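Enquirer: Fold the following for me, if possible:
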Amino acid sequence: MNEKIDKIKQHAQDLRAEIELHNYRYYVLDNPTIPDAEYDKQLRELQRIEQDYPQLITADSPTQRVGAAPLKAFPQILHRKPMLSLNNAFEDVELETFNRRVCEGLSVDSIEYAVEPKFDGLAVSLCYEDGIFKTGATRGDGYMGEDITLNLRTIKSIPLSLPVDNPPPLLEVRGEVLMLKADFLNLNQRQVAKGEKEFANPRNAAAGSVRQLDPGITATRRLAFFAYGVGEYQDSHMPLDKHSHVMAYLALLHFPVAKECDVVKGLQELLAYYQAIEVQRECLPYDIDGVVYKVNSLTQQKQLGFVSRAPRFALAHKFPAQEVVTQLLGIDVQVGRTGALTPVARLKPVFVGGATVTNATLHNADEIERKDVHIGDTVIVRRAGDVIPEIVAVILEKRRPDAQIFLMPEHCPVCGAKAVRLANEAVLRCTGGLFCPAQRKQAILHFASRRAMDIEGLGDKLVNQMVDQAIVRTPADLYKLGLGALANLERMAEKSANNILRAIEKSKHTTLARFIYALGIRNVGETTAKDLAAHLGSLDRLIEAGSERLQQVPDVGPVVAQSIADFFAEAHNCEVIEQLRACGVHWVEHEGISTLVVGMKPLHGKTFVLTGTLPTLNREEAKEKIEALGGKVSGSVSKKTDYVVVGADPGSKYDKALSLGISVLDETGLMELLQ
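Expert: Residues are numbered from 1 along each chain as shown. Next up is the predicted model:
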């Protein structure tokens with residue numbers, strides 16, 4: 001009997017390998033070697049075997065690409081390494097500046113670059129453990145993405161297992177999910193036949209398809225995947241010299257790689273590649289919105305490093321924006337979170353850059369005057385990818401006799417407070433501060449957002465109601481809410497109100513970096529907030545630091561430093577902070593690296609891995625403390641790991657640390673080391 005099962009098991013393994021090979025030839029190489037009927041026959045045979053012998057089903061079986069129940073929501077996945085975005089160039093002079101900085105940074109005259117098309121799709125990460133596809137996630141905010149594993153399994157160009165005898169323990173492949181032009185046309189034809197709404201463009205279709213809560217729906221939409229790099233890995237075969245060699249290695253592992261990838265040297269060859277791809281653009285099977293340049297040498301990439309949320313060694317060179325002509329119907333003035341008054345053009349709807357546009361930014365009063373924009377004018381509108389549409393110019397020959405001159409208001413259109421224009425600024429700002437409902441709403445929404453205090457369920461509609469009904473005036477009022485006040489709001493039942501209150505209570509325990517970012521200080525983004533928290537260690541030190549002291553923090557210049565100083569100089573801002581603290585909002589503080597001896601940080605070069613639940617610290621707090629002292633936090637254990645920090649229910653990382661003889665610390669041991 002065992003001999004029979006062994007034969008059936010071997011036959012099933014052979015069928016799986018054969019089917020996956022045909023998937024690779026069909027979906028990646030576009031070179032099928034058997035008829036569809038033969039492919040279907042093999043798949044049905046495998047399905048029959050697995051139905052009769054369910055114990056033989058494996059996670060990487062082609063039959064398991066679809067079949068999971070719909071999700072209620074996407075779980076979150078923490079990226080092992082941040083998925084950073086790229087800086088953009090729109091003009092040749094910006095490319096020249098990039099190339100010059102790279103050469104100067106490496107003290108060389110010319111650089112070899114890996115070049116590739118810039119796909120217009122959705123960036124994703126695929127993680128393989130021991131050669132089996134385990135998890136897949138969206139880019140998200142670069143640090144945390146959505147777990148879309150089940151949907152990615154339906155994409156047949158993504159291998160479910162790596163075709164090698166000794167697969168690497170860990171391999172994270174990064175790339176783009178997109179929809180080919182031909183498949184997009186077919187999808188919209190099916191939508192029309194069913195009497196359903198058509199998709200605006202392939203990018204929207206791909207993004208919407210891969211984020212379906214029901215993987216069965218995703219499976220009906222033919223999606224494609226192209227690899228463009230790697231993240232974290234433990235792979236002895238991974239090339240360590242050049243990015244182009246990494247891409248060739250991924251192709252050997254059956255990952256789709258764009259045929260247009262190439263290697264060039266110097267500025268002139270970069271420009272030549274850009275021009276050649278632009279000529280081919282319309283003939284390519286997929287949409288692209290530019291090209292990407294990466295320093296080819298991995299050693300040189302490490303030398304150049306990163307700035308903020310983007311690498312210094314790479315650049316996205318966008319194609320010229322698409323432009324169309326339409327009519328400007330009116331101009332509204334929006335009030336932003338920082339009080340900036342922004343004129344927004346209301347347009348006669350027009351299709352441009354893959355989307356229907358009804359609004360476009362006019363930036364400020366100077367731009368309106370410079371472009372001589374009147375209400376009623378015929379205007380040229382530009383849109384490039386995800387860039388906000390803008391009015392490029394007015395067609396003066398078509399100006400109507402009744403076209404009206406527009407003047408920016410002297411008072412805030414929301415609260416009536418005086419609008420002022422500060423020195424060295426092009427924008428008008430409302431002086432109402434947190435007393436202005438428009439700023440109040442945006443300030444509270446920002447405060448509650450996922451990257452800030454992460455108060456789940458506190459969205460636009462709910463905040464609008466709370467502010468309009470004067471239930472909430474400042475972020476501190478959120479922590480004073482009662483069940484009665486919430487339950488009486490429109491579409492807010494008692495159960496929903498309790499969920500909101502629980503989310504607010506949960507948010508009281510946060511990190512200093514999140515709290516600083518949540519305050520909404522002008523010019524202080526998430527990265528700057530983390531730097532301030534790491535270097536100063538406490539909120540009081542941040543409040544007391546003057547402009548000169550703040551400029552000692554990396555990447556904090558005079559403008560940012562002055563914005564921070566001005567914010568804490570306002571009495572009502574400090575009053576709100578004290579109210580928040582009094583309501584129980586708290587975080588773990590530390591001495592800050594500013595108190596250390598100048599020079600090498602004490603944990604420089606040390607790699608930590610966190611696993612399990614620590615008694616008092618959450619992952620973000622522990623990571624912040626380690627990085628503040630120069631350490632690095634990794635998502636996986638390897639021979640290069642120096643310490644594994646273990647909490648409750650540690651899992652396999654703890655076992656691997658013991659097997660490799662790596663130092664294991666509990667929270668107490670970590671704190672002693674940090675001291």
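
Enquirer: A helix includes residue 293, no?
Expert: No. Per DSSP: H, G, I helix; E, B strand; the rest coil, residue 293 lies outside any helix segment and is strand.

Enquirer: my read: it touches residue 313, true?
Expert: No. Residue 293 is not in contact with residue 313 according to C-beta atoms under 8 Å; the separation is 9.0 Å. To be clear about C-beta, it is placed using only N, CA and C from the backbone, and glycine gets the same treatment.

Enquirer: Give me the buried positions along the longest helix seen in the chain.
Expert: With residue count as the measure and DSSP state H as the assignment, the chain has helix 2-23 as its longest helix. Within helix 2-23, the residues scored as buried using 16 or more other C-beta atoms under 10 Å are 12, 15-16, 18-20, 22-23.

Enquirer: Could you list every helix and strand in contact with it?
Expert: Other elements packing on helix 2-23 under the criterion 3 or more C-beta pairs under 8 Å, 6 or more residues apart in numbering; DSSP states H and E are helix 36-52.

Enquirer: How about the contacts made by the nearest residue to residue 649 once chain neighbours are set aside?
Expert: On the basis of C-beta to C-beta, 6 or more residues apart in numbering, the spatially nearest residue to residue 649 that is not a chain neighbour turns out to be residue 612, at 5.3 Å. The neighbourhood of residue 612, defined by C-beta atoms under 8 Å, 6 or more residues apart in numbering, consists of 646-651, 654.

Enquirer: And residue 301, by the same measure?
Expert: Residues counted as contacts of residue 301 (C-beta under 8 Å, 6+ apart) are 243, 294-295, 311, 313.

Enquirer: Three-state assignment for residue 33, please.
Expert: Residue 33 carries the three-state label coil when classified by three-state DSSP.

Enquirer: what about it, neighbour count?
Expert: 11 (other C-beta atoms under 10 Å).

Enquirer: Equivalent analysis for residue 211, please.
Expert: By the other C-beta under 10 Å criterion, the neighbourhood of residue 211 contains 15 residues.

Enquirer: Ok, the one 5 residues further on next?
Expert: Residues lying near residue 216 (other C-beta under 10 Å) number 15.

Enquirer: For the stretch 351-500 of the chain, which segments count as strands?
Expert: Taking DSSP state E, counting those that start in this stretch, the strands of the stretch 351-500 of the chain run over residues 355-361, 374-375, 378-383, 390-394, 404-405, 419-421, 428-430.

Enquirer: Out of these, which is the most enclosed?
Expert: strand 428-430 (a mean of 24; mean count of other C-beta atoms under 10 Å).

Enquirer: same for that strand, what does it pack against?
Expert: Using 3+ C-beta pairs under 8 Å, 6+ apart as the contact criterion, the neighbours of strand 428-430 among helices and strands are strand 340-352, strand 419-421.

Enquirer: Residues contacting that strand, please?
Expert: Contacts to strand 428-430, defined as C-beta under 8 Å, 6+ apart, come from residues 335, 338-341, 364-365, 408, 412, 414-415, 417-422, 436, 438-439.

Enquirer: quick revisit: hey, least reliable of the strands of the stretch 351-500 of the chain by pLDDT?
Expert: For these, the stretch scoring lowest in mean pLDDT is strand 419-421; its value is a mean of 82.

Enquirer: and it, how far out from the chain's middle?
Expert: Offset of strand 419-421 from its chain centre (C-alpha atoms, centre = their mean, to the nearest Å): 34 Å.

Enquirer: cool, stretch 412-431 as well?
Expert: Its chain's C-alpha centre lies 32 Å from the corresponding centre of stretch 412-431 when counted by C-alpha atoms, centre = their mean.

Enquirer: And stretch 294-314, by the same measure?
Expert: On the basis of C-alpha atoms, centre = their mean, the separation between the geometric centre of stretch 294-314 and that of its chain is 18 Å.

Enquirer: now the end-to-end length of that stretch.
Expert: Start to finish, the residues bounding stretch 294-314 are 4 Å apart (C-alpha to C-alpha, to the nearest Å).

Enquirer: Can you list the buried residues in it?
Expert: For stretch 294-314, the buried set under the neighbour-count rule, 16+ other C-beta under 10 Å, comprises 294-298, 300-301, 304, 309-314.

Enquirer: and what of stretch 640-657?
Expert: Neighbour counts using 16+ other C-beta under 10 Å place 641, 643-647, 650, 653-654, 656-657 of stretch 640-657 among the buried residues.

Enquirer: what residues does that stretch touch?
Expert: With C-beta under 8 Å, 6+ apart, stretch 640-657 has contacts from 606-615, 622, 634, 636-637, 660, 662-667, 669-670, 673.

Enquirer: rerun that using 6 Å as the cut-off
Expert: 606-614, 637, 662-666, 670 (C-beta atoms under 6 Å, 6 or more residues apart in numbering).

Enquirer: pLDDT below threshold where in the stretch 551-675 of the chain?
Expert: 594-601 (pLDDT under 70).

Enquirer: Tell me where it has helices.
Expert: Along the stretch 551-675 of the chain, counting by DSSP state H, counting those that start in this stretch, helices occupy 558-569, 571-582, 619-628, 652-660, 667-674.

Enquirer: again, but for the stretch 101-250 of the chain
Expert: According to DSSP H, counting those that start in this stretch, the stretch 101-250 of the chain carries its helices in the segments 149-152, 181-193, 202-210, 215-219, 243-252.

Enquirer: looking at those, which is buried most?
Expert: Using mean count of other C-beta under 10 Å, the stretch among the helices of the stretch 101-250 of the chain with the greatest mean number of neighbours is helix 149-152 (a mean of 24).

Enquirer: So which other helices or strands are in contact with that helix?
Expert: Counting contacts by 3 or more C-beta pairs under 6 Å, 6 or more residues apart in numbering; DSSP states H and E, helix 149-152 packs against strand 132-138, helix 215-219.

Enquirer: Which one, of those, ends up nearest to residue 404?
Expert: strand 132-138 (44.7 Å; C-beta to C-beta).

Enquirer: Would you indicate which residues of the closest one are buried?
Expert: By neighbour count, with 16+ other C-beta under 10 Å as the criterion, the buried positions of strand 132-138 are 133, 135-138.

Enquirer: Residue 329: which of those is nearest?
Expert: Ranking the buried residues of strand 132-138 by separation from residue 329, with C-beta to C-beta as the measure, puts residue 138 on top at 36.2 Å.

Enquirer: who does the closest one bridge with?
Expert: For residue 138, the residues forming beta bridges with it (DSSP bridges) are residue 124.

Enquirer: just checking, it touches residue 147?
Expert: No. In this structure residue 138 lies outside contact range of residue 147 using C-beta atoms under 6 Å: 8.6 Å.

Enquirer: For residue 297, see how far away the residue lying closest to residue 239 once chain neighbours are set aside is.
Expert: Computed as C-beta to C-beta, 6+ apart, the closest residue to residue 239 that is not its neighbour in sequence is residue 245, at 3.7 Å. From residue 245 across to residue 297, the span is 10 Å (C-beta to C-beta, to the nearest Å).

Enquirer: buried ones in the helix or strand bottoming out on mean pLDDT in the chain?
Expert: Within the chain, confidence by mean pLDDT, DSSP states H and E is lowest for helix 36-52 among all helices and strands, at a mean of 73. Residues of helix 36-52 classed as buried: 39, 42-43, 46, 49-50 (neighbour count, 16+ other C-beta under 10 Å).
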